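J.: fold the following, please.
(2 chains)
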Amino acid sequence: MRPWLALAALLPAAALAQPKGDPDWPCVQRLVPVVAAGALWPEAGEGDWHAEPEVAALARRLAPRGVAEAEGLAAIEGFAAPLGPDQRRRLLPLAFAGLLEETNAQRGQVIEQLRRFARRQRDLAERVRGLEAEQRAAPTAAQEELTQRHFFAAKAYSDAERTLRYACEAPVRLEARLGAWTRALRAALPGE
Amino acid sequence: MPTLLTLLLALLLPTLARAETIMVSNEKDNTVTVLDGGTLQVLRTVRVGERPRGIVLSRDRRLLFVCAGDSDRIDVLDTESWRVVRHLPSGSDPERAALHPDGRRLFVANEDDNMVTVVDVERGVVLQEIPVGVEPEGMGLSPDGRFVVNTSETTNMAHVIEADSGRILANVLVGARPRYALWEPDGRRFWVSAEIGGTLTLIGADDWKVLGQVSFAIPGVPPEAVQPVGMVFSRDATKLFVALGPANRVAVVDVATRRVERLLLVGQRVWNLALSADGGRLYTTNGVSNDMSVVDIAAMRVTRSVPVGQAPWGVVVKP
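T.: Residues are numbered from 1 along each chain as shown, chains lettered A, B, ... in the order given. Sure, this is the predicted structure:
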């Protein structure tokens, strides 16, 4: 398939993936901008996790994207181990609140990157279409250079589009990690 | 030793009562996880084609048809030897399928081809290709086999197709991105779930008119996270269970009143559901937490989470 045909085939899918909502959202999954406490631990309640230095330190240490799920699970286990039942009832929901807020901040950055990706793709598609129009109007002498520029622009678009399914998994991976940590916190509660 | 005997019986009975096998397709692992329904232990993990999603049992339950979307084929898994014994043609990117009551015709939704492909599972040939709306997915066969309802995710329609002729009888506008169609056992009405619309639509088979809608409000969960997909009826068909995606809930809807009676917290991004053979349990596939939740229906409680493969999607129960 010639590159501009591939481009034409890709555009409707990207444009139609999200019939409602954010036009800059390129992923097939519907955008859920913020993970809600109610989706993971409805009974956790509210509290000021910032006011507990150890909770705040745990949340900030685990939130960065590079921290593996297993590393967080070990840290949570280490955090809960010395706590008595009352402290667990008080501090573990707070740790959840901290991890949720910090993970949402990380996830928000990922979502913004994906939005930038969508805008860049739209600009690239525009450039490819512009080059096609130029090609049609240009004299023979200019054709070779325009063909080359068109080829690279279309290739940049198609290459980026191929990484999209993987890129769209980044917010999902953060959700999965947060879910595993939430289950560990809940499991460490006395009597649960 | 009556105590020991009682204890032994108590240990044995649930196992005997649930001599069933649960099968889960894992979209990212390219596998099917096979679990013992009694112990909920993983018995084996079977490699299949790429991106397995929809799974359907043959009528005699000896074969499992697996839609392998990225391999553009249906894998046929023998449920005794647990080997892929055959590949069937499916058309491009098969996502979900439904088997006709005749046991021969498999209706397959081709997600990226705007087509429903009818496959003869005995002869291994394509019988018909039916053009439908954009991104077809849900496939619901009426109990008498006369009609197949296909939902198209982008066109936001339920297409009612006459199964024998492939003729489209009606196009019914439903909620945004419809994902699943399920007929009531008496064949008089069917339900369609809409992932983006966040609703269910009930449609009558007399005139293909919309009879009602159900929506979901979950305290503390934003509406965009409420994404209805998979559905299954309770054994007596008085309750409809609905998987609500990243709301991490299964809704229990009373069929007569269309009221949402319960919202059960399960694993993350719950996609599809299956009922145990005795109707006592509900199994859910949770695509983000990579597990299967088990719901005790009498108690309306989530009793277990069982790890399966990566991105579990479809689930069926073999009695």
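
J.: for chain B, which residue gets nearest to chain A?
T.: For chain B and chain A, the shortest gap (C-beta to the nearest C-beta) falls at B:Gly220, measuring 2.4 Å. In this view, the C-beta of every residue, glycine as well, is placed from N, C-alpha and C.

J.: and that residue, how far from A:Arg89?
T.: B:Gly220 is 20 Å from A:Arg89, where distance means C-beta to C-beta, to the nearest Å.

J.: quick check, A:Ala57 in a helix?
T.: Yes - counting by DSSP: H, G, I helix; E, B strand; the rest coil, A:Ala57 is part of a helix.

J.: looking at the chain, which helix or strand is least sure?
T.: Unless you meant another one, I'm taking chain A. helix A:3-16 (a mean of 37; mean pLDDT, DSSP states H and E).

J.: what's the first helix or strand after it?
T.: helix A:37-40 (DSSP states H and E).

J.: name the helices or strands packed onto that following helix?
T.: Applying 3 or more C-beta pairs under 8 Å, 6 or more residues apart in numbering or on different chains; DSSP states H and E, one finds that helix A:37-40 contacts helix A:85-137, helix A:169-187.

J.: what sits against the residue of chain B closest to chain A?
T.: For B:Gly220, the contacting residues are A:Ala36, A:Ala37, A:Gly38, A:Ala39, A:Pro42, by C-beta atoms under 8 Å, 6 or more residues apart in numbering or on different chains.

J.: now chain A, which segments are flagged as low pLDDT?
T.: Scanning chain A for pLDDT under 70 picks out A:1-21, A:192.

J.: let's see it at 80
T.: Scanning chain A for pLDDT under 80 picks out A:1-22, A:192.

J.: can you name the residue of it nearest to chain B?
T.: For chain A, C-beta to the nearest C-beta, closest residue to chain B: A:Gly38, 2.4 Å.

J.: how about that residue, nearest residue that isn't a chain neighbour?
T.: In space, and not counting its chain neighbours, A:Gly38 is closest to B:Gly220: 2.4 Å by C-beta to C-beta, 6 or more residues apart in numbering or on different chains.

J.: again, but for A:Arg119
T.: Per C-beta to C-beta, 6+ apart, closest to A:Arg119 is A:Asp24, 5.9 Å.

J.: which residue is the nearest non-sequential neighbour of residue 61?
T.: Let's take chain A. Nearest non-adjacent residue to A:Arg61 (C-beta to C-beta, 6+ apart): A:Ala75, at 6.9 Å.

J.: ah, I was thinking of chain B
T.: According to C-beta to C-beta, 6+ apart, the nearest residue to B:Arg61 is B:Lys318 (5.0 Å).

J.: got a markdown table for the helices and strands packed on helix A:37-40, with mean neighbour count too?
T.: Formatted as a markdown table, those follow (neighbours: other C-beta atoms under 10 Å in any protein chain shown):
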| stretch | mean neighbour count |
| --- | --- |
| helix A:85-137 | 17 |
| helix A:169-187 | 20 |
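
J.: would you list those in JSON lines and tack on distance to B:Pro178?
T.: As requested, these are exported to JSON lines (distance: least, C-beta to C-beta, whole Å):
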{"stretch": "helix A:85-137", "distance to B:Pro178": "24"}
{"stretch": "helix A:169-187", "distance to B:Pro178": "22"}
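
J.: what is the neighbour count of B:Thr21?
T.: 19 (other C-beta atoms under 10 Å in any protein chain shown).

J.: bridged to it, which residues?
T.: When assigned by DSSP bridges, B:Thr21 has beta-bridge partners B:Asp36, B:Lys318.

J.: quick revisit: so the residue of chain A closest to chain B makes contact with B:Pro219?
T.: Yes - under the criterion of C-beta atoms under 8 Å, A:Gly38 makes contact with B:Pro219 at 6.3 Å.

J.: more neighbours: which of these two?
T.: Between A:Gly38 and B:Pro219, counted using other C-beta under 10 Å, A:Gly38 has the larger neighbour count: 19 against 8.

J.: in the helix or strand hosting A:Lys155, what's buried?
T.: A:Lys155 is part of helix A:140-162, with elements assigned from DSSP H and E. Residues of helix A:140-162 classed as buried by neighbour count (16 or more other C-beta atoms under 10 Å in any protein chain shown): A:Leu146, A:His150, A:Ala153, A:Ala154, A:Ala156, A:Tyr157, A:Ser158, A:Glu161.

J.: report whether it contacts chain B.
T.: No - Helix A:140-162 lies out of reach of chain B by C-beta under 8 Å from any C-beta of the partner chain, never closer than 13.1 Å.

J.: grab the nearest non-local neighbour of B:Leu106.
T.: Nearest to B:Leu106 is B:Val119, by C-beta to C-beta, 6+ apart, at 4.5 Å.

J.: wait, that neighbour sits on B:Ala109?
T.: No - B:Val119 is not in contact with B:Ala109 according to C-beta under 8 Å; the separation is 11.8 Å.

J.: of the two, give the one with the bigger neighbour count.
T.: B:Ala109 (31 against 25).

J.: B:Val270: how many residues sit nearby?
T.: So B:Val270, with other C-beta under 10 Å, has 30 neighbours.

J.: wait, what's in contact with it?
T.: B:229-230, B:243-245, B:248-250, B:284-287, B:293 are the contacts of B:Val270 under C-beta under 8 Å, 6+ apart.

J.: so which of these are also by chain A?
T.: Intersecting these with the contacts of chain A gives B:Asn248 (criterion: C-beta under 8 Å from any C-beta).

J.: buried subset of the contacts of B:Val270?
T.: B:229-230, B:243-245, B:248-250, B:284-287, B:293.

J.: restricted to strands, list those residues.
T.: Using DSSP state E, the subset of these located in strands is B:Ala243, B:Arg249, B:Val250, B:Thr284, B:Thr285, B:Asn286, B:Ser293.

J.: in the sheet, which residues pair with the first one? Tell me.
T.: Looking back up the chat, that one is B:Ala243. Judged by DSSP bridges, the bridge partners of B:Ala243 are B:Val250.

J.: got the contact list for B:Gly37?
T.: B:Arg18, B:Ala19, B:Glu20, B:Thr21, B:Ile22, B:Ser276, B:Ala277, B:Val317.

J.: would you mind writing the CA trace of the helix holding A:Lys155 as PDB?
T.: Extracted C-alpha coordinates of helix A:140-162, given in PDB (Å, rounded to 0.1, in the frame of the first residue of the first chain):
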ATOM      1  CA  THR A 140       8.200  18.000 -13.000                       C
ATOM      2  CA  ALA A 141      11.500  19.500 -11.900                       C
ATOM      3  CA  ALA A 142      10.200  19.900  -8.300                       C
ATOM      4  CA  GLN A 143       8.500  16.500  -8.100                       C
ATOM      5  CA  GLU A 144      11.400  14.400  -6.900                       C
ATOM      6  CA  GLU A 145      12.000  16.500  -3.800                       C
ATOM      7  CA  LEU A 146       8.300  16.800  -3.000                       C
ATOM      8  CA  THR A 147       7.900  13.000  -3.400                       C
ATOM      9  CA  GLN A 148      10.700  12.500  -0.900                       C
ATOM     10  CA  ARG A 149       9.400  15.000   1.600                       C
ATOM     11  CA  HIS A 150       5.900  13.400   1.300                       C
ATOM     12  CA  PHE A 151       7.400   9.900   1.900                       C
ATOM     13  CA  PHE A 152       9.100  10.900   5.100                       C
ATOM     14  CA  ALA A 153       6.100  12.800   6.500                       C
ATOM     15  CA  ALA A 154       3.800   9.900   5.700                       C
ATOM     16  CA  LYS A 155       6.300   7.400   7.200                       C
ATOM     17  CA  ALA A 156       6.600   9.500  10.400                       C
ATOM     18  CA  TYR A 157       2.800   9.400  10.700                       C
ATOM     19  CA  SER A 158       2.500   5.700  10.100                       C
ATOM     20  CA  ASP A 159       5.400   4.800  12.400                       C
ATOM     21  CA  ALA A 160       3.900   6.800  15.300                       C
ATOM     22  CA  GLU A 161       0.500   5.400  14.700                       C
ATOM     23  CA  ARG A 162       1.800   1.900  15.100                       C
END
